[in-house]
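Trainee: everything below, folded, please.
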Amino acid sequence: MSLNALNLDLVRAEFPALQDGCVYLDNAGGSQVLKRVADRVSDYLLTSSVQLGASYAQSQAAGERVLAARRSVAQLINAPADDEVVMGGATTSLMFLFTQALLPGVKPGDEIVVTNTDHEANIGCWMRLRQAGAVVKVWEVNPQTLALDLADLDRLLSPRTTWVAMTHASNILGTVNPVAEVARRVHAVGGRMCVDAVAYAPHRLVDVQASGADAYVFSFYKVFGPHYAVLWLRRDLLLGLPSLNHYFIGPEVVPYKLQPGNVNYELSYGCIGISDYLVHVGETLGATGTERQKMQAAFDAFEAHENLLAERLLAYLRSKPSVRVIGHDSATDGQRVPTISFVAGQQSSEAIVRHVDRFGIGIRFGDFYAKRLIEVLGLQAQGGVVRVSIAHYNTLDEIDRLIQHLDEVIQ
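Mentor: Numbers count the residues shown, from 1 in each chain. Reported below is the predicted structural model:
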């Protein structure tokens, strides 16, 4: 069955901030927020702001709303059970909590593999486990291809490997990594796999089961929602972790044992709006079937549209002899999300961005907390990269406006 085209007018109407005239192309730093999400947050605060767990009706109703939010998130990520879903303030804080829960079980000589392409959220917390005797190895990016070569990983894996941590998509390179294949290799030596999907989840429908990961984490504020995040853990792993909560909250109390202070009620409830939106878009496309099938149709349409926009920008960048795209220089091979980073000769990345700032276009420069990658690529002196991060609500006209003003400053 052929589906309808993505209706950008309807899409953009879902995001009130898009009406302010700014061209938002810093979406990997934080997407715009759906009105559906904001309405739910407001509604919860104004009608359900009571403590959970009491016997009176309002508390019971509020508790059901928070549980409904957890079930919605579980459906969004295709978790086998909603009580495997841990929620908290941000990916960085959830990863810190997770690795602190792992810390008592770390034995001297346990080996952990991290990459030098990840956001520091999925590196620094693992480095802290060295205090318990863990040995941290670095899976280094190939400086010529800017890929993480599987052969290099194979040389790092051993029977002592306990964890491999990597990103599903780099927040600088934009590269989509083959996490399921990596997980297969990690599991073959008896290890586990942790995936940071912050840069992936806004562009592809997450499926934690298909990913092969044992732990999977991302932030909702990159996926059209509130400043909040989710960590999914395989049940056996989750049950085996100690409680980080009060002493009377035992290790069997999941996911509460990893949510000290409990979840943020209103932000959790707001996250239902993300799934509602994706289902709605799928239905406007003419998709039928389950809610996840409708969500998949929405993401398929997003990907096609984002590829069109990304290729317009990448074609321009390829035409400039001084420009080096940091990552795949084409959006047509299916290997990247539309987070596009580049440098122009020896020009200051900051100067390029500040020129574009004058025209109401939001892009960004820097290392984006992937500082180790910027250092290994030798780009610190230029102030890191210029990053343009596209979302499905952006338009070709916005990309053309960006190109016009980039052309005024790129030498």
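
Trainee: name the element residue 269 belongs to?
Mentor: helix 265-270 (DSSP states H and E).

Trainee: where does the stretch 151-300 of the chain dip in pLDDT?
Mentor: Within the stretch 151-300 of the chain, not a single segment meets pLDDT under 70.

Trainee: show me where it has helices.
Mentor: With DSSP state H, counting those that start in this stretch as the criterion, the stretch 151-300 of the chain has helices at 179-188, 208-211, 235-240, 265-270, 272-284, 291-318.

Trainee: and these as TSV, adding mean neighbour count and distance to residue 23?
Mentor: The way it works is simple: take the backbone N, C-alpha and C, and place the C-beta from them, glycine included. As requested, these are arranged in TSV below (neighbours: other Cβ atoms under 10 Å; distance: least, Cβ to Cβ, whole Å):
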stretch	mean neighbour count	distance to residue 23
helix 179-188	17	32
helix 208-211	18	33
helix 235-240	14	42
helix 265-270	24	25
helix 272-284	21	21
helix 291-318	19	12
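
Trainee: out of the ones you listed, which comes closest to residue 9?
Mentor: Nearest to residue 9 among the helices of the stretch 151-300 of the chain is helix 272-284; the distance by Cβ to Cβ comes to 11.0 Å.

Trainee: quick check, residue 132 in contact with residue 108.
Mentor: Yes. In this structure, residue 132 is within contact of residue 108 by Cβ atoms under 8 Å, at 7.3 Å.

Trainee: for the two, indicate the residue with more neighbours.
Mentor: Ranked by neighbour count (other Cβ atoms under 10 Å), residue 132 and residue 108 place residue 132 first, with 14 against 8.

Trainee: next one: phi and psi at the residue nearest to that one when sequence neighbours are not counted?
Mentor: Ranked by Cβ to Cβ, 6 or more residues apart in numbering and with sequence neighbours excluded, the top spatial neighbour of residue 132 is residue 106, at 3.9 Å. Taking degrees, to the nearest 10, you get phi -80, psi 130 for the backbone angles of residue 106.

Trainee: how much space between residue 106 and residue 186?
Mentor: Distance of residue 106 to residue 186, computed by Cβ to Cβ, to the nearest Å: 17 Å.

Trainee: got it, and residue 147?
Mentor: 18 Å.

Trainee: next: residue 111.
Mentor: Residue 111 is 11 Å from residue 186, by Cβ to Cβ.

Trainee: any idea how far residue 198 lies from residue 236?
Mentor: The value you get for residue 198 to residue 236, if Cβ to Cβ is used, is 25 Å.

Trainee: strands along the stretch 51-200 of the chain, start to end?
Mentor: 85-88, 111-115, 135-139, 161-167, 192-196 (DSSP state E, counting those that start in this stretch).

Trainee: of these, which is nearest residue 334?
Mentor: From those, taking Cβ to Cβ, the stretch that ends up closest is strand 161-167, at 17.2 Å.

Trainee: what does that closest one rub up against?
Mentor: Contacts to strand 161-167, defined as Cβ atoms under 8 Å, 6 or more residues apart in numbering, come from residues 102, 106, 110-115, 117-119, 122-123, 126, 134, 139, 148, 153, 157, 177, 179, 182, 186, 189-200.

Trainee: can you tell me the closest non-neighbouring residue to residue 272?
Mentor: Nearest non-adjacent residue to residue 272, counting by Cβ to Cβ, 6+ apart: residue 72, 4.5 Å away.

Trainee: closest to residue 227 out of the strands of the stretch 51-200 of the chain?
Mentor: strand 85-88 (10.9 Å).

Trainee: can I get that closest one in CSV? Just the C-alpha atoms.
Mentor: Only the C-alpha atoms of strand 85-88 are listed here, as CSV (Å, rounded to 0.1, in the frame of the first residue of the first chain):
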residue,chain,number,x,y,z
VAL,A,85,12.2,1.1,31.9
VAL,A,86,14.2,3.5,34.1
MET,A,87,13.6,7.2,33.7
GLY,A,88,15.5,10.2,35.0
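
Trainee: in it, what's buried?
Mentor: Buried residues in strand 85-88, counted by 16 or more other Cβ atoms under 10 Å: 85, 86, 87, 88.

Trainee: how close does residue 129 get to residue 106?
Mentor: Residue 129 sits 5 Å away from residue 106 when distances are taken as Cβ to Cβ.

Trainee: likewise residue 408?
Mentor: To residue 106, residue 408 is 53 Å away according to Cβ to Cβ.

Trainee: quick one, domains of this structure?
Mentor: Under the assignment automatic domain parsing, the domains of the chain span 8-32+290-405, 38-274.

Trainee: so can I have JSON lines of those showing distance to residue 280?
Mentor: Formatted as JSON lines, these follow (distance: least, Cβ to Cβ, whole Å):
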{"stretch": "domain 8-32+290-405", "distance to residue 280": "8"}
{"stretch": "domain 38-274", "distance to residue 280": "10"}
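
Trainee: pull the residues that contact the helix or strand in which residue 12 is found.
Mentor: If you go by DSSP H and E, residue 12 is part of helix 8-13. Helix 8-13 is contacted by residues 18, 281, 284, 305, 392, 393, 395 when judged by Cβ under 8 Å, 6+ apart.

Trainee: whichever helix or strand comes after that helix packs against which elements?
Mentor: Beyond helix 8-13 in the direction of the C-terminus, DSSP H and E gives the next helix or strand as strand 23-24. Counting contacts by 3 or more Cβ pairs under 8 Å, 6 or more residues apart in numbering; DSSP states H and E, strand 23-24 packs against strand 361-362, helix 396-407.

Trainee: any chance of CSV for these, columns distance to residue 378 and mean neighbour count?
Mentor: Output for the helices and strands packed on strand 23-24, formatted as CSV (distance: least, Cβ to Cβ, whole Å; neighbours: other Cβ atoms under 10 Å):
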stretch, distance to residue 378, mean neighbour count
strand 361-362, 27, 19
helix 396-407, 23, 17
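
Trainee: could these go into a markdown table alongside mean pLDDT and distance to residue 14?
Mentor: Converted to a markdown table, the helices and strands packed on strand 23-24 look like this (pLDDT from 0 to 100; distance: least, Cβ to Cβ, whole Å):
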| stretch | mean pLDDT | distance to residue 14 |
| --- | --- | --- |
| strand 361-362 | 98 | 19 |
| helix 396-407 | 98 | 17 |
